[in-house]
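*Asks:* sequence? don't have it. structure:
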């Protein structure tokens, strides 16, 4: 097995070779988990066995599990010492996404609070 420096010098990404046998096995296991979580999500959305107000919470939990499967099995992001840069990039991306979503919600709430009621707005337009 060649070193990380040799792999980078040849223009390949560092890490395990995805074409090796254990790489293909990892992808197949990830695919099985992803398909199972997708099927459970569709089942939960259409069944009456799940308490109706709990369905959105269950779908959220299954979506987070699906993201975890994709990160671990397909993107090979872990908390291993050699994955520090990938892990930090993921954490930074989540932080920026959270800032954008929270900021958007704050702006929409502020606009909603300061907007005239519809009947007063209609009086002004006449």
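*Replies:* Good, I have the coordinates. None of the values given here were measured: they were computed from a predicted structure.

*Asks:* any idea how far residue 57 lies from residue 51?
*Replies:* Counting by C-beta to C-beta, to the nearest Å, the gap from residue 57 to residue 51 is 10 Å. For the C-beta atoms, the positions are set from N, CA and C on the backbone; glycine is no exception.

*Asks:* again, but for residue 44
*Replies:* 11 Å.

*Asks:* so for those two, which sits in the more crowded spot?
*Replies:* With neighbours defined as other C-beta atoms under 10 Å, residue 44 and residue 51 compare such that residue 44 has more, 17 against 9.

*Asks:* that one contacts residue 57, doesn't it?
*Replies:* No - using C-beta atoms under 8 Å, residue 44 is not in contact with residue 57, being 10.2 Å away.

*Asks:* what is the least confident helix or strand in the protein?
*Replies:* helix 4-9 (a mean of 56; mean pLDDT, DSSP states H and E).

*Asks:* following that helix, which helix or strand comes up?
*Replies:* Next helix or strand after helix 4-9 toward the C-terminus (DSSP states H and E): helix 21-46.

*Asks:* now that next one: buried residues?
*Replies:* 26, 30, 33, 34, 37, 41, 44 (16 or more other C-beta atoms under 10 Å).

*Asks:* what's the closest non-adjacent residue to the third one?
*Replies:* Once flanking residues are discounted, residue 33 sits nearest to residue 69: 4.6 Å by C-beta to C-beta, 6 or more residues apart in numbering.

*Asks:* how near is that neighbour to residue 113?
*Replies:* Taking C-beta to C-beta as the measure, residue 69 falls 40 Å from residue 113.
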